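In: heads up, no residue letters with this:
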């Protein structure tokens, strides 16, 4: 049985497996496939298909958990838990090109671009905000260069990140599941 949209949670692994540590999110989703998850949780290996993620979100979710690399200057393998402010204003357009950082790119949109355009896309289809919360489980990369395989510190962070996602899902589904 499918959970109602107001109780479903999408976990999206973001990244490019051909750019070393950028494949972190995809590897965490792979690890999560071996775990028991709460009802209503969907796993998605988004990879670099940002536009696909945007259209998937139109189905409606109580929460979106993005798993990706996050560069904040800490040692490689450091894990972060962040929450995206869906009500924050979009960044100002780039004055040189006239396009903002959230411009649609059918060949690869990063999560920030997807989220910045999501309300506009939903409104054009007559849909209210399709996602209630956006959380991020991120990992500080050691390298983002051409190559297959995660660096040692990032590979060591995959299972702890999967644990963090499972804990976050327990928290989010408990809170979201409390709605009438």
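Out: On my side now, so go ahead. This is a predicted model, so every value here is computed, not measured.
In: what ranges do the helices span in the protein?
Out: Ranges of helices in the chain, per DSSP state H, are 24-32, 50-57, 111-124, 152-156, 158-177.
In: Out of those, which gets nearest to residue 75?
Out: Residue 75 lies closest to helix 152-156 among those, at 7.2 Å (Cβ to Cβ). Glycine gets a C-beta too; all of them are placed from N, C-alpha and C.
In: If we go by neighbour counts, what in the closest one is buried?
Out: The neighbour-count check on helix 152-156 (16 or more other Cβ atoms under 10 Å) flags 153-155 as buried.
In: before we move on, the earlier item: looking at the helices of the chain, which is buried most?
Out: With neighbours taken as mean count of other Cβ atoms under 10 Å, the helices of the chain reach their highest mean count in helix 24-32, at a mean of 23.
In: re earlier: out of the helices of the chain, which is closest to residue 76?
Out: Residue 76 lies closest, by Cβ to Cβ, to one member of the helices of the chain: helix 152-156, at 4.1 Å.
In: Determine the set of other helices and strands touching that closest one.
Out: In this structure, helix 152-156 makes packing contacts with no helix or strand, judged by 3 or more Cβ pairs under 8 Å, 6 or more residues apart in numbering; DSSP states H and E.
In: coming back round to it: between the helices of the chain, which one is nearest to residue 142?
Out: For residue 142, the closest of those is helix 152-156, at 5.5 Å, according to Cβ to Cβ.
In: what's the closest one in contact with?
Out: 21, 24, 27, 69, 75-77, 139-142, 149 (Cβ atoms under 8 Å, 6 or more residues apart in numbering).
In: Now that helix: average pLDDT?
Out: Mean pLDDT, computed over helix 152-156, is 97.
In: Any stretches of this structure with poor pLDDT?
Out: Filtered on pLDDT under 70, the chain yields the residue ranges 1-6, 86-113, 115-117, 119, 175-180.
In: how about 50 then?
Out: Low-confidence segments of the chain, defined by pLDDT under 50: 1-4, 92-102, 104, 106-107, 176-180.
In: could you measure the residue nearest to the spatial centre of it against residue 45, distance?
Out: The residue lying closest to the centre of the chain (Cα atoms, centre = their mean) is residue 66, at 1.9 Å. Distance, residue 66 to residue 45, by Cβ to Cβ, to the nearest Å: 12 Å.
In: Leaving aside the residues adjacent along the chain, what's closest to residue 58?
Out: residue 130 (5.3 Å; Cβ to Cβ, 6 or more residues apart in numbering).
In: Surely that neighbour and residue 56 touch.
Out: No - using Cβ atoms under 8 Å, residue 130 is not in contact with residue 56, being 9.5 Å away.
In: Need the residues touching each of the two.
Out: Common neighbours of residue 130 and residue 56, using Cβ under 8 Å, 6+ apart, do not exist here.
In: Run a quick neighbour tally on residue 157.
Out: Other residues lying near residue 157 total 25 when counted by other Cβ atoms under 10 Å.
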